[in-house]
Every structure is written in C-alpha cells, then in structure tokens.
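[1] need a 3D model of the following:
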Amino acid sequence: MKLFLCWSGARSHDVAAAFRDFLLQLNDELSLPVPLQFAPPFFSENIEKGLPWFQAVEHELASTDAALLSITPENADSPWMHYEAGAIANQLSISTTQSKTTGTLKARLFTYLFGMEARDLKGPLNAYQSTAATFTDTRALIRQLLGVDTIKGTPDDDPRPETRLKWNEDAFRRCWNTLALRLQHSRSQPFCEAVTGLEDKFRRLTFEEAVDFCHRQAWIDRIKGCHEVLTDLDGHLERVKDRCRPSEAELYQQLLAALDGYEMTMQAYLVKERRFELGKQGLLSMEEDVRWVCENRRRIVKDAVAALLDPGRAPVFDESPAFDKLETFAEKKNAIHRKKAAIRIWIAQHQAVGDPEGLSPQEKYPADAPGKVPDIQDWQTPPTLPAAAEFGRARMTDWDFDRIVYYATHQECLRQGFQPEGANQKYGILTGSAVEENVCSWLEDEVQKIGASPTTRESRLPLYYALSVLKHLVDQGVRDRNGARLEFDASTKRRVISVLNDIVKIEGGVKTQVVRTAEMLLGSLTDPATDAAA
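    Presented below is the predicted three-dimensional model:
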C-alpha cells in the first residue's frame, strides 16, 4: 500500500516525516502480509530538482492508494496547501471502490490534524475525512487503510494470505508511542514562523542608537517608532500564546512589557522635544538620571529580543522565564518545590520496582517511560525531563531555574537511589562516580557566575542546590553495584575544599544559608576522622 504525504511548513513537515516512519514501523510490528505492507510513502520533498511539480505529483498519484495532508494551525489557511490538496484531489479517483488485491478502500484523501480539531478547518479542506493526531483517531485511520474490520469477517478457511491479518493491539501501541514521542518534539510552532521578521522590526535608530547619541533629538518620532512596533507585535500575541512554547510566550510578553516601559519612560522625560547641548565625545549633555533610565529601558528591549531570537539562549524548561520574574523568595521556593514534587513522581514512575505506593493510575504510567507505558494519549504534555542532550544543556544556560532543576534532579535521584542505565540513560542523569567527578565543576561554575556580576546580586539559589548535591555525597555517598561506597579521590577533594573556601568568602562575612552549608561541608571534609575512614 502506498501513501502520498503532503505538507507545508516546518511543523507540518516534521509530522509528515514522523508519520512516514510510523507506517514503515507498522510493517514489522504488525507483521503485515506483503500485499498489505506500506510501501515507502511518497514525500513531496522527494521530487527531483528541476522536475515540474505537477507532472511529478501526477506520476506518483497514479500508483497511490491514499493521500494524507499534514495540517497544522499555521498552514490550515495556506493558499499553497489548498492548491496542493485540490491538485491531488483532481488526480485521485475519490471513491469507495475496493482494491482487488488487498480489499482496502482505494484512493482516499485524508487530513491529519496536528494541534487543531476538525471544527477548526474552513474552506475546501473541511470536505475531506479528518483524522486527529491522537491515539484513537490514528488507530481508526490505520484500521481503515488496512481494511481490518472487513478482513476480520472473512472465513477462516479463506486461502488468500492477505485475509489472515490479526490485529495486534500491543504492537500498534508500541508504534504509536514512537510516533507520539516524535509529535511531542513538534508540539510547538517555531517562533520565527509565528512572528516573521522580528529582528528587522528593531533595526531602527529608536532601538539601535543610544539616547545620548541621538543628535537629531526628534524624541516624539522616537516615541512614535516604539509605539508602532509595540502595536504591531501586540497583534501577534494570541498566536504566540496558542502555538509557541510557553517559555517563548512568556518571553514575548516580557518583550511587550519592555517596549511599553521604554515608551512610557521616553514620554515622561523626553516628550517636550527637549534640546540638549552636545558634550564630550559627541554625547548629549543630558541629566545622568534621564540618560540612565532611558538607556536601561532600551537595553531591556534589546535583551528581550535577543532572548527570543538566539537559540543558544533558549531555556530548557518552559517555567524558566517566568521564574526569573518572580519577585519574592517565597514565590521562587514554591515554584522549585512544585518541580521537585514532579521529579519525585517521575523517579517513582521510572524505577523498576512494582507500582509506586500512593500514585494515581495516570502517575504510574508516564508519557516518557519506554517499555512500561500502555500508550501515550496526550502528546501535547511535555515530559517531566527532556532527553540527554537537552537535559545536559540545562546546566550551561543562564536561566537560574534550568540549573536549579538540573541540580535538584540529581539530588532527588541520589536520595531515591535511582540510577538510570541502558535506555533510560537518554535522560542524561549522571550516575555513580560521574556525579562526584562533576559536582566540583558545578560549584566552580556557579561561583564564577556570581563573581562575574559584582554590580548585581546574582541569585544564590542555583549555587545552593549544587551544594545540596555535594552535601548528600558527603553525608551519604553513592554505592556501586557491589554496595561499596564511592568516595572522592584526593585531587577532587582538594578542588572541592578550595571552591568551598571561595563560597565562604563570597558574601563578605555574612552568614547566609549558602555560607553556613559551605562551612559545614568544609568541617566534614577536613575532619581527621573522616579522612581516616576514607
């Protein structure tokens, strides 16, 4: 059986590619007879360069059993998608004729809806049979394509091999789980597609030029330019909130707030078209407080734009941007405690021992537990922890919450005795001696971040949670497979003692919780009794 897969846009392409691999996996998992097996689907990107698009499509459709359109919110109204769907529909013989070889329905066109529902479709696409990217709808689609219900009713002594298909529900669930994990990675539209040309909107002197270098001094024009950009971007807010990652939506709203603050500040101090004399080095001789507040607002805007556009600054966890904006220590602690509770549930779900006591059925079967979950119904819910590469990146970002979660995860894994191995190692959690080898680097990096910001009070929370991992290692340690406790080697211990001394000095003599913890650890590590036991 051959399908034609049609897509438009990055997310649509990813969904179509995942569905293509899903069909091929079904061949093996369902042990499909040869006449029922899915041939490699035709992907519209497979058209050779230089060939007329319509001619190539017409040739492929001649041998196609069905066509599937990958529809997402951003391409549902795309003129190209409607044109391509119409061209395909004209070439396909839309009928309910049975295939003579497989008994399946021949030449059908389906819309595969990702992140939307059938009622959201408008225009010509609404006329085609819709399938939501869910377990139930995808299962129904595959059964229909394979003619499972028709084949099930055939006599047991029917000699045709294609009638001997027995539906294997567990096998289909395994295929669906693989597809659902792929869909999870595409659950959000790329920000650059949701809001096009963002960087170009800020390539104007209003944002690029410092206020005390604005010799023209057309302050009202500057304020007007800021207002125009703010109004334009505000019109995209709902789209960003509906389609993009929650962290990107939060950053976008922070950008709007920064623009609003910049505009109001200029209105407060520059709206009278004030004239300033030209001073030293070509800078305007304006009051320092006026210059500072306007420049601070301008830099906040530019930093917000950079946070959205620079992939290297993207947070690992969606909660990170909002966490940075929390004003009180209590609010931040509550956010951390909620995440730690989710991590404890995650650990209980992934441990190999029985059903965790006190967990609900939903908690016992997480979406990211390979081999133990019956099916992933909701691909839109992100896993508690990402895969190894992304999780490892959390330690290196500038987002406090990313680093806190990274350290807190290791602390909880040590406390619960959870050491993921094999397939589970994809979560990137360091185990055994790897924790001891890295904890010193974590502390050194956190101290360096604080030391690099002498004019601001850098948060100590990430450092505190890195220290918590060290405290557990000093108090409890970790055990190898034979139950022997793993200890710091001499060189690592010297590094740890050195960085702990730096932490004690970091507050200038103030006995904060971080300093007290560091002093307590120094006492343990330099205790002669401890050294003798080691």
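
[2] C-alpha from now on. contacts and neighbour counts both.
    Noted.

[3] so where's the stretch 201-350 of the chain shaky on pLDDT?
    273 (pLDDT under 70).

[4] and the residue lying closest to Phe391 once chain neighbours are set aside, how many neighbours?
    Of all residues not flanking Phe391 in the chain, Gly428 sits nearest, at 6.1 Å (CA to CA, 6 or more residues apart in numbering). Gly428 is flanked by 19 other residues according to other CA atoms under 10 Å.

[5] does Gly428 touch Ala389 like I think?
    Yes - counting by CA atoms under 8 Å, Gly428 does reach Ala389; the two are 6.8 Å apart.

[6] and whichever helix or strand Ala341 is part of, which residues are buried?
    Ala341 is located in helix 329-350, with elements delineated by DSSP states H and E. For helix 329-350, the neighbour count (16 or more other CA atoms under 10 Å) marks Lys332, Ala335, Ile336, Lys339, Lys340, Ile343, Ile345, Trp346, Ile347, Ala348, Gln349, His350 as buried.

[7] same check on stretch 260-280?
    Those would be Asp260, Gly261, Tyr262, Glu263, Met264, Thr265, Met266, Gln267, Leu270, Val271, for stretch 260-280 by 16+ other CA under 10 Å.

[8] now do stretch 445-454
    Quick answer for stretch 445-454 (16+ other CA under 10 Å): Asp445, Glu446, Val447, Lys449, Ile450.

[9] list the contacts of that stretch.
    Contact partners of stretch 445-454, identified using CA atoms under 8 Å, 6 or more residues apart in numbering, comprise Arg457, Glu458, Ser459, Arg460, Pro462, Leu463, Val499, Asp502, Ile503.

[10] how does it look with 7 Å?
    Glu458, Leu463, Ile503 (CA atoms under 7 Å, 6 or more residues apart in numbering).

[11] repeat that for stretch 390-406.
    Against stretch 390-406 from outside (CA under 7 Å, 6+ apart): Arg313, Pro315, Val316, Phe317, Ser320, Phe323, Leu385, Tyr427, Gly428, Pro462, Tyr465.

[12] ok, the fifth one to Val305 distance?
    So the one you mean is Ser320. Going from Ser320 to Val305 by CA to CA, to the nearest Å gives 16 Å.

[13] the first one too?
    Here Arg313 is placed at a distance of 11 Å from Val305 (CA to CA).

[14] over to the third one?
    Using CA to CA, one obtains 18 Å as the distance from Val316 to Val305.

[15] then the last one?
    According to CA to CA, Tyr465 and Val305 sit 30 Å apart.

[16] nearest residue to Phe43 other than its sequence neighbours?
    Using CA to CA, 6+ apart, the closest residue to Phe43 is Leu5 (5.2 Å).

[17] helix or strand right after the helix or strand containing that neighbour?
    Element membership for Leu5, per DSSP H and E: strand 3-6. Using DSSP H and E, the helix or strand that follows strand 3-6 in sequence is helix 10-29.

[18] quick one: which of Val316 and Val305 has more around it?
    Using other CA under 10 Å as the criterion, Val316 and Val305 rank with Val316 on top: 23 against 20.

[19] quick one: least confident helix or strand in this structure?
    Sorted by mean pLDDT, DSSP states H and E, the helices and strands of the chain end with helix 361-364, the least confident at a mean of 44.

[20] next SSE downstream of that one?
    helix 388-393.

[21] after that following helix, which helix or strand is next?
    Next in line after helix 388-393, if elements are assigned by DSSP H and E, sits helix 400-416.

[22] chain center to the helix or strand just after that following helix, what's the gap?
    Following helix 400-416 in sequence order, the next helix or strand is helix 433-451 (DSSP H and E). Its chain's C-alpha centre and that of helix 433-451 lie 25 Å apart, by CA atoms, centre = their mean, to the nearest Å.

[23] helix 433-451 vs helix 400-416, what angle?
    150 degrees (axes from the mean of the first three to the mean of the last three CA atoms, to 10 degrees).

[24] helix 433-451 - what's its average pLDDT?
    Averaging pLDDT along helix 433-451 yields 87.

[25] any chance of the buried residues of stretch 445-454 in TSV, plus distance to Leu230?
    Output for the buried residues of stretch 445-454, formatted as TSV (distance: CA to CA, whole Å):
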residue	distance to Leu230
Asp445	37
Glu446	36
Val447	38
Lys449	33
Ile450	34
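
[26] these two touch, right, Asn168 and Leu30?
    Yes - taking contacts as CA atoms under 7 Å, Asn168 lies within contact range of Leu30: 6.2 Å.

[27] so which of the two has more stuff around it?
    Leu30 (18 against 11).

[28] that one: what's it in contact with?
    Asn168, Ala171, Phe172.

[29] what do you get for Ser285?
    Phe276, Glu277, Leu278, Gly279.

[30] now for the longest helix that the chain contains, which elements pack on it?
    Ranked by number of residues, the top helix in the chain under DSSP state H is helix 246-270. Applying 3 or more CA pairs under 7 Å, 6 or more residues apart in numbering; DSSP states H and E, we find helix 246-270 packed against helix 219-234, helix 288-309, helix 320-325.

[31] alright, I will stop here.
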